[in-house]
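Trainee: Here's my sequence, what's the structure:
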Amino acid sequence: MLYPMLAVALAFCGIAVLGVLAARVLAEVRRLARQVEESSHRITRASEDLERAAVPLAARAARVGQGAHGDR
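Mentor: Numbering: from 1, shown residues only. Next up is the predicted model:
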């Protein structure tokens, strides 16, 4: 009777350890998801800033290009 009870106790401990590890993995996955979301927002903001900064530069390049063609 001792061995079956010991086997059940060890099985319970094993399942408890797996449960704790699963909870830790879940917490890390949630943390990673928040970081990915924050990084995505930062990338979006940076691309919008880049687009806004490129508009005047493109306009100036177009004026310079037209001026170069007008001299010929």
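Trainee: how many neighbours does A22 have?
Mentor: A count of neighbours around A22, defined by other CB atoms under 10 Å, yields 10. No exception for glycine: its C-beta is placed from N, CA and C like everyone else's.
Trainee: what about it, helix or strand, and which?
Mentor: helix 2-70 (DSSP states H and E).
Trainee: quick one: low-confidence ranges for the chain?
Mentor: Scanning the chain for pLDDT under 70 picks out the ranges 68-72.
Trainee: Show residues contacting stretch 33-41.
Mentor: Residues outside stretch 33-41 that contact it (CB atoms under 8 Å, 6 or more residues apart in numbering): none.
Trainee: Need the CA coordinates for it. PDB is fine.
Mentor: Output in PDB follows, covering the C-alpha atoms of stretch 33-41 (Å, rounded to 0.1, in the frame of the first residue of the first chain):
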ATOM      1  CA  ALA A  33       3.400  40.400 -25.900                       C
ATOM      2  CA  ARG A  34       3.400  43.800 -24.100                       C
ATOM      3  CA  GLN A  35       6.900  44.500 -25.200                       C
ATOM      4  CA  VAL A  36       6.100  43.600 -28.800                       C
ATOM      5  CA  GLU A  37       3.100  45.800 -28.700                       C
ATOM      6  CA  GLU A  38       5.100  48.700 -27.400                       C
ATOM      7  CA  SER A  39       7.800  48.200 -30.000                       C
ATOM      8  CA  SER A  40       5.200  48.100 -32.700                       C
ATOM      9  CA  HIS A  41       3.800  51.400 -31.600                       C
END
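Trainee: so how far is it from its chain's centroid?
Mentor: Offset of stretch 33-41 from its chain centre (CA atoms, centre = their mean, to the nearest Å): 4 Å.
Trainee: How about stretch 47-56?
Mentor: 23 Å.
Trainee: got it, and stretch 28-47?
Mentor: 4 Å.
Trainee: Same question for stretch 13-23.
Mentor: Using CA atoms, centre = their mean, the offset of stretch 13-23 from its chain centre is 27 Å.
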